[in-house]
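> Next input, structure requested:
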Amino acid sequence: MLETDLYGPLKTWFEAQGFEVRGEVLHCDLVAQKDDHFVVVELKLKPSLKLLYQATDRLQLTDDVYIALPAPTKKRKALKAFQKLLQNLGIGLLLVQISSIGPRIIQALPPTKAPRRRSRRKALALTKEFSGRGQTDNLGGTASKKILTVYREDALLIVAFLENLAIASPKALVAKGCASRAGQILRDNHYGWFERVKRGHYTLSAHASEEVTTTFPEVLRGCRLIVQSAALAAE
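Presented below is the predicted three-dimensional model:
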């Protein structure tokens with residue numbers, strides 16, 4: 001079993017309760033939102049001290065923090081000791097049980113609210129990143145892979161427009177629907193997708209289209225539809 005195997009059943013479980021769910025938001029494996037309420041879940045295959053550090057750090061974002069683990073098939077005594085520690089910290093525990101009839105989520109321990117110092121800055125950053133995402137989700141538990149962020153989504157839309165326009169200025173791209181920070185994205189060029197052909201005008205690098213098509217095919221498809229819609233509207 002992989003950590004990513006826990007994500008699907010947990011996402012379905014939270015969505016059944018009316019939450020919107022996204023994976024890998026600001027290094028949190030799973031974030032669920034309902035109205036103004038956030039739940040953060042860290043996915044792991046076994047308890048560890050590092051996992052406790054991560055979950056405790058998430059308490060700066062919300063009171064509702066869970067650790068999710070595969071449901072044990074034996075040696076429950078060790079898990080009970082870990083559960084007692086989580087209870088003292090105010091962190092909840094979810095167990096994912098996989099069987100021939102499908103997955104089941106067991107809420108072994110609910111999180112408890114306790115007086116603690118929350119970081120308003122980090123909580124606002126979580127809200128901004130969660131709300132700014134498009135429809136394509138990251139798979140929770142895939143920290144080693146390229147994560148789709150709002151910044152990367154904005155850059156992908158620029159790629160799609162430059163595929164169509166060949167060369168464009170930031171002002172022209174913003175006018176067509178790209179993010180207002182298009183100029184900054186083009187200048188910084190964090191992903192190596194863009195090249196400046198002359199002052200204030202950019203084109204795609206030689207490898208850009210192939211790379212983004214391979215790495216983010218669904219998102220690029222959506223961006224290309226936006227470009228097509230903008231072209232039709234301009235006719």
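
> How is this protein divided into domains?
As assigned by automatic domain parsing, the chain contains the domains 4-132, 150-234.

> want to try a markdown table for those, with mean neighbour count as columns?
For every residue, glycine as well, the C-beta is placed using N, CA and C. Formatted as a markdown table, the domains of the chain follow (neighbours: other CB atoms under 10 Å):
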| stretch | mean neighbour count |
| --- | --- |
| domain 4-132 | 16 |
| domain 150-234 | 16 |
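
> Could I get the ones you listed in JSON lines, plus columns for mean pLDDT?
Output for the domains of the chain, formatted as JSON lines (pLDDT from 0 to 100):
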{"stretch": "domain 4-132", "mean pLDDT": "85"}
{"stretch": "domain 150-234", "mean pLDDT": "89"}
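
> Show me where the chain has its helices.
Assigned by DSSP state H, the chain shows helices spanning 4-15, 49-58, 76-89, 120-132, 150-165, 170-176, 182-188, 208-215, 217-234.

> Kindly provide the distance from the residue nearest to G177 when sequence neighbours are not counted to F161.
Nearest non-adjacent residue to G177, counting by CB to CB, 6 or more residues apart in numbering: A230, 5.7 Å away. Distance, A230 to F161, using CB to CB, to the nearest Å: 8 Å.

> do Y66 as well
40 Å.

> repeat for L43
Counting by CB to CB - L43 and F161 are separated by 36 Å.

> Look up how far E42 lies from Y53.
10 Å.

> quick one on the thing from earlier: which one of the helices of the chain lies nearest to I98?
helix 4-15 (7.5 Å; CB to CB).

> For the closest one, output the C-alpha coordinates as PDB.
Output of helix 4-15 as PDB, limited to C-alpha atoms (Å, rounded to 0.1, in the frame of the first residue of the first chain):
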ATOM      1  CA  THR A   4      -1.700   7.800  -2.200                       C
ATOM      2  CA  ASP A   5      -3.900   4.700  -1.800                       C
ATOM      3  CA  LEU A   6      -5.400   6.400   1.300                       C
ATOM      4  CA  TYR A   7      -6.300   9.600  -0.500                       C
ATOM      5  CA  GLY A   8      -9.200   8.400  -2.700                       C
ATOM      6  CA  PRO A   9     -11.200   6.800   0.100                       C
ATOM      7  CA  LEU A  10     -10.700   9.800   2.400                       C
ATOM      8  CA  LYS A  11     -11.700  12.200  -0.300                       C
ATOM      9  CA  THR A  12     -14.900  10.300  -1.000                       C
ATOM     10  CA  TRP A  13     -15.600  10.100   2.800                       C
ATOM     11  CA  PHE A  14     -15.300  13.900   3.200                       C
ATOM     12  CA  GLU A  15     -17.200  14.700   0.000                       C
END
